[in-house]
Every structure is written in structure tokens, then in C-alpha cells.
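J.: here is the input, now give the coordinates:
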Amino acid sequence: MSEVDPRFRALLGTLTGLLIGGVLYALVRAVLPAGTAVAAAVVGVCGGLGAKAGRAIGSHAQLRVIIFGTLLATTIGEYTVFAETTPAPNVDLFVEHLLADGWWLAQTIFFLVAGIFFGVRLLVGTDPLGDVLEHAGAAVPPGAHGTPCPRCGSVQTAPTDAPHELECAACAHVWTVPEAPGGEAPAA
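T.: Below you'll find the model as predicted:
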């Protein structure tokens, strides 16, 4: 018996994870109160776990399958919940259902994106939450609260009253931040 093609195994694992995530999403949506949107994160996380179980390597094509598969599985799961509560479901009514509650839709999109993010991090990283916490400081513009201190590396820093100056709460180091390109002061 020959080994299964690794690309097919990775695709099969991802699709299986997305299928399980979509079913879990539909079940949770059917059981929890109507405005609950947190279940949308389950689909992306299950897709990432399925991809990891299928030994995916995180290629661009595999990541696209996770992202667009999560969107499709969530939409199918939501349509399943919608079809159970609507006597004659159709596409127009489904679109109205999605747009009826803007707050729920915004939460669903947020949790959907968070689920995709964590699903991808589960595939390509070893500690998704630790990676986010560790590398979040890299997104802080120089001169803003949380800019790493050059002396001790702490991110407990804040601007002082003087322009372009920061102070570290951990070691009391005070330093001047260079101006941003274009002569503008960095964002505080």
C-alpha cells in the first residue's frame, strides 16, 4: 500500500477540520441565544487543527483553503440555522437575516477573523497566543505608549511632557525618540 500524497492529506485534513468546525458552529448557534457570535471562531480554529493533523506545511494554497473554507463553512452553518427557523428559505431572505442585526454581524465578523487568525497560527506556529503577546510590541510605532525601552527592553513606557521623549516605568530610563520620516513627530 502506498503513502497518500502529502498535498492531498493536508487538503483532506483541512477540509475535515472545516467540516467539523462548520457543524459545531451550526450546533452552537442553534443552542445559544440568537445574538451570540463567539461560535464563529470555532470554524477557523478547527480548520487549523485539521490542517495540522493532515500535516499541512502552511503553503499559500493551504492558507487560502483555511481562509476561504472558513468563510464558506461559516456561511453554510449560518444558512443551516436560518433554514431551520424559516418556513420558505431563499437567498434574499438569508441576506436580510444576515443584515438584520448589525451588532451581531460585526461580532460575527470579528470572531470569524479571530478564528482564522488562530487557525493559521495553530498551523504555522507552536504557541499562537504566546506569539501574539511576544510580537505585538513590534506593531507599536516608535514614540507611542509601549515602545520598548532601549536599556531594559520593558514595554512599560510612556511619553513625557517634553517632545519626542519617553520614560520607562521599569528602570526610569528617559530617552529621546527620533522624528519620523517627513519631519513629523511619531504618534503618541
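
J.: so where's this protein uncertain?
T.: Applying pLDDT under 70 to the chain flags residues 1-4, 125-146, 179-188.

J.: all helices for it, in order.
T.: All helices of the chain, identified by DSSP state H, fall at 6-31, 40-53, 60-85, 91-99, 102-124, 128-135.

J.: buried ones in the fifth one?
T.: By neighbour count, with 16 or more other Cβ atoms under 10 Å as the criterion, the buried positions of helix 102-124 are 107-108, 111-112, 115-124. For every residue, glycine as well, the C-beta is placed using N, CA and C.

J.: that one to helix 6-31, inter-axis angle?
T.: 150 degrees (axes from the mean of the first three to the mean of the last three Cα atoms, to 10 degrees).

J.: ok, the third one next?
T.: Interaxial angle, helix 60-85 versus helix 6-31 (the same axes, to 10 degrees): 30 degrees.

J.: which elements pack onto helix 60-85?
T.: Applying 3 or more Cβ pairs under 8 Å, 6 or more residues apart in numbering; DSSP states H and E, we find helix 60-85 packed against helix 6-31, helix 40-53, helix 91-99, helix 102-124.

J.: and A61, which of those is closest to it?
T.: Closest to A61 of those is helix 6-31 (Cβ to Cβ; 8.3 Å).

J.: now do the closest one against helix 40-53, angle only.
T.: Using the same axes, to 10 degrees: helix 6-31 against helix 40-53 is 160 degrees.

J.: excluding chain neighbours, give the residue nearest to G21 in space.
T.: Of all residues not flanking G21 in the chain, C46 sits nearest, at 3.0 Å (Cβ to Cβ, 6 or more residues apart in numbering).

J.: if I look at the one you found, how far off is V177?
T.: C46 sits 43 Å away from V177, going by Cβ to Cβ, to the nearest Å.

J.: likewise for D161?
T.: For D161, the distance to V177 - Cβ to Cβ - is 14 Å.

J.: who's more crowded, the two?
T.: Higher neighbour count among D161 and V177: V177, with 19 against 6, using other Cβ atoms under 10 Å.

J.: and that one, its phi and psi?
T.: Per-residue torsions, V177: phi -100, psi 130 (degrees, to the nearest 10).

J.: E167 is in contact with that one, correct?
T.: No. Contact criterion Cβ atoms under 8 Å: V177 and E167 do not qualify, at 11.1 Å.

J.: hmm, G21 is touching V42, no?
T.: Yes. Contact status for G21 versus V42: in contact at 5.3 Å, counting by Cβ under 8 Å.

J.: give the residues shared as contacts by the two.
T.: G115 (Cβ atoms under 8 Å, 6 or more residues apart in numbering).

J.: the two: which is more packed in?
T.: Neighbour count, other Cβ under 10 Å: between G21 and V42, G21 has more, with 29 against 26.
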